[in-house]
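**Q** this one's sequence-less:
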């Protein structure tokens, strides 16, 4: 398969990052402090702006903006995954190939990335990020999910507290 990445220096990107073993796996929320610390450490040395982020038990979505002239999101994800993986016990299933390569069996190798094209695209992806816990049946209201930038945007008056409170037809990011 031919994977093509769109490298745009200073670009704003939407990402979906998955655990390798997704079924009944709560690794990301169980180790949320380690994940937050890993992201913060990478941001300190390789800056990026976080526009939106949600962490679910087995995957996460985010929108980040890279600094002007910088297009290396792959290195940032490699470091975040590496720091997180080093911080948790070796309990995951690993294939013979992973064992031979001395790899952990935590993350899917690939991830979904999308270069944000315009404000409408940005707004749609922000809504997608924040509705995700409701979409996956983890909460009855978006505001009930603690691992999301939704709360920051409520405080800033961008989303109302009761946004998408079980009714997906009320979706709209307001900037």
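**A** Alright, I've got the coordinates. Every value quoted in this text rests on a predicted model; they were computed, and no experiment measured them.
**Q** lowest confidence element among the helices and strands of this protein?
**A** Least confident helix or strand of the chain, by mean pLDDT, DSSP states H and E, is helix 96-100 with a mean of 70.
**Q** helix or strand right after that one?
**A** Note on helix 96-100: by DSSP states H and E, the next helix or strand toward the C-terminus is strand 112-115.
**Q** and that following strand, which strands flank it?
**A** Counting by DSSP bridges, the strands paired with strand 112-115 are strand 12-18 (antiparallel).
**Q** which ones are touching residue 47?
**A** Shown in contact with residue 47 (C-beta atoms under 8 Å, 6 or more residues apart in numbering): residue 67. Glycine gets a C-beta too; all of them are placed from N, C-alpha and C.
**Q** if we use 10 Å, what do you get?
**A** 65-67, 70, 76 (C-beta atoms under 10 Å, 6 or more residues apart in numbering).
**Q** so what does it have for phi and psi?
**A** phi -60, psi 150 (degrees, to the nearest 10).
**Q** mind checking pLDDT for it?
**A** pLDDT for residue 47: 97.
**Q** average pLDDT for the longest helix seen in the chain?
**A** Longest helix in the chain, counting residues (DSSP state H): helix 119-135. Helix 119-135 carries an average pLDDT of 96.
**Q** quick one, it and strand 12-18 angle?
**A** 20 degrees (axes from the mean of the first three to the mean of the last three C-alpha atoms, to 10 degrees).
**Q** so which other helices or strands are in contact with whatever helix or strand comes next after helix 119-135?
**A** As assigned by DSSP H and E, the chain's next helix or strand after helix 119-135 is helix 150-155. Counting by 3 or more C-beta pairs under 10 Å, 6 or more residues apart in numbering; DSSP states H and E, the packing neighbours recorded for helix 150-155 are strand 49-55, helix 119-135.
**Q** pull up the pairing partners for the following helix or strand past the shortest one, direction included.
**A** Read in the C-terminal direction, the helix or strand following strand 49-55 is strand 59-65, with elements assigned using DSSP H and E. Using DSSP bridges, strand 59-65 pairs in its sheet with strand 12-18 (antiparallel), strand 49-55 (antiparallel).
**Q** nearest to residue 103, of the helices and strands packed on helix 150-155?
**A** Counting by C-beta to C-beta, residue 103 lies closest to strand 49-55 out of those; the figure is 22.5 Å.
**Q** figure out how far that closest one is from the centre of its chain.
**A** 7 Å (C-alpha atoms, centre = their mean, to the nearest Å).
**Q** list the buried residues of it.
**A** Neighbour-count burial for strand 49-55 flags 51-55 (criterion: 16 or more other C-beta atoms under 10 Å).
**Q** what does stretch 19-26 give?
**A** Under 16+ other C-beta under 10 Å, the buried positions of stretch 19-26 are 19-20, 25.
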